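*Asks:* Pasting the sequence and the predicted coordinates here, then a few questions.
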Amino acid sequence: MSNSSFLKQPKSVWAVAFACVIAFMGIGLVDPILKPIAEQLHASPSQVSLLFTSYMAVIGVAMLITGAVSSRIGAKRTLLIGLAIIVVFSALAGLSNSIGMIVAFRAGWGLGNALFIATALATIVNSASGSVAEAIILYEAALGVGIAAGPLVGGELGTISWRGPFFGVAVLMTIALAATAFLLPASPPQTRRTSIIEPLKALRHRSLATVAVTALLYNFGFFTLLAFTPFPLAMSARQIGLIFFGWGICLAFTSVFVAPRLQARFGTLPVAMTVLFLFAVDLAVMGVYAHHKPVLAIGVIVAGLFLGINNTLITEAVMGAAPVERGTASAAYSFVRFSGGAVAPWLAGKLGEQFNIQLPFYVGAFAVLLAVGVLATGWKPLSHLRVPASHSEVEAEALTVADA
């Protein structure tokens, strides 16, 4: 990465970067208010976990169409439509009086988020001054700040009301929408229009399908931790927000600073398999000590260390897995992996209600162990990822595209 400052950017770039922070905040924003929503709307954990399920399912499916939309109407219009959808549906979620309405509006929110984040990186890269690497650093910084700040903001606004985080997002995204509309220059449609079926065709490549299924199983554990842990923790919104803030800090730190170093020393595949195994152990320990809140809290924060490394390396593995365009590989991968993020929260809630609070963690740990096994089947076709390699500028770009 370049040593020169990436802070000297046009206002239009800062407007999109600000919107990126708010968009990524949406991932962990609802964590601290899951229990208050359940209590005040008389909903079960599995019903409340559908806030994640509807959001992730729509994002996954929408990833197949974002490229087609952006190539036809231009990046700026895609960004503005995505932001407008987020504003409307987050506000509607805050006005809801039933869990069914919130779940439905979270689905609409997911559509807006998919349109926005899938287009934001390309917009920042095209509009930023300086090198591509500097633009990517700015995007990565926005991603890290957003993921870490989401639970913290959700916890603070959630102490006022469970509606607070939803209205907070609506207000902040309105500001981002206005800034993007006035500061970002118009962008014409692309010469080459992307087809919706291209990502599905890309999954014919065994290496790409292997990594995508690995990510699906790994996301099963990821979203079990994210969506179910607030229930056995049974703490205030602020306390849960602080715990997941620690998780987000660890995730952002290892994603940007630790993963590239481990990759350069040991190679992508060995590190990813090791970290997945450690994450499975972490979930299993949380299952054993599911009735001990301090162990659960520490388990969440430690998981952030593993998840940050794994997010980076698995995503890079996707980018180098098949001879297709990076955007196509990213869309195919996101479509598959978000399926795990959609199913896991609901299933974890059901298992916790029907059996005990330990079982969801054990199931999550088993899914992550399966991910290790699936990735091991790609040991030969993904042999190029076993070799230590530097985290190059091109790889960094690929990584952040897929993170979106």
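*Replies:* Cool, the structure landed.
*Asks:* residues near Leu138, how many?
*Replies:* As a burial measure, Leu138 scores 23 neighbours (other CB atoms under 10 Å). Heads up, the C-betas are built off the backbone N, CA and C, glycines and all.
*Asks:* Now do the contacts for it.
*Replies:* 6, 9, 13, 17, 124, 128 (CB atoms under 8 Å, 6 or more residues apart in numbering).
*Asks:* okay, the residues you listed in CSV with pLDDT next?
*Replies:* Below are the contacts of Leu138 laid out as CSV (pLDDT from 0 to 100):
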residue, pLDDT
Phe6, 59
Gln9, 77
Val13, 83
Ala17, 84
Ile124, 77
Ala128, 73
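*Asks:* List just the nearest of the residues you listed to Thr159.
*Replies:* Ala17 (28.0 Å; CB to CB).
*Asks:* wait, that closest one sits on Ile124?
*Replies:* Yes: the criterion here is CB atoms under 8 Å, and Ala17 meets it with Ile124 at 6.5 Å.
*Asks:* Mutual contacts of the two, please.
*Replies:* 138-139.
*Asks:* any idea which helix or strand carries the residue lying closest to Phe166 once chain neighbours are set aside?
*Replies:* Distances taken as CB to CB, 6 or more residues apart in numbering place Gly94 nearest to Phe166, at 3.3 Å, with adjacent residues excluded. Element membership of Gly94 [criterion: DSSP states H and E] is helix 75-95.
*Asks:* Give me the next element, helix or strand, following that helix.
*Replies:* Taking DSSP H and E, what comes next after helix 75-95 is helix 99-127.
*Asks:* Can you name the next helix or strand after that next one?
*Replies:* Helix 99-127 is succeeded, C-terminally, by helix 132-160 (DSSP H and E).
*Asks:* got the angle between that following helix and helix 99-127?
*Replies:* Relative orientation of helix 132-160 versus helix 99-127 (axes from the mean of the first three to the mean of the last three CA atoms, to 10 degrees): 160 degrees.
*Asks:* Give me the mean pLDDT for helix 132-160.
*Replies:* The pLDDT scores in helix 132-160 average 78.
*Asks:* got it, and stretch 61-69?
*Replies:* According to the model, stretch 61-69 has a mean pLDDT of 83.
*Asks:* swap in stretch 379-393?
*Replies:* 65.
*Asks:* so who does Glu156 touch?
*Replies:* By CB under 8 Å, 6+ apart, the neighbours of Glu156 are 238, 241.
*Asks:* now with 6 Å?
*Replies:* Glu156 sits next to no residue when contact means CB atoms under 6 Å, 6 or more residues apart in numbering.
*Asks:* Low-confidence stretches in the stretch 151-300 of the chain?
*Replies:* Applying pLDDT under 70 to the stretch 151-300 of the chain flags the ranges 190-192.
*Asks:* Can you show me the helices along it?
*Replies:* 164-183, 198-202, 206-228, 230-233, 237-253, 259-266, 268-288, 293-319 (DSSP state H, counting those that start in this stretch).
*Asks:* in whichever strand or helix holds Ala68, what counts as buried?
*Replies:* Using DSSP H and E, Ala68 sits within helix 45-73. Across helix 45-73, burial judged by 16 or more other CB atoms under 10 Å covers 45-71, 73.
*Asks:* Kindly report the same for stretch 342-362.
*Replies:* Quick answer for stretch 342-362 (16+ other CB under 10 Å): 342-352, 357-362.
*Asks:* Right, I'll call it a day here.
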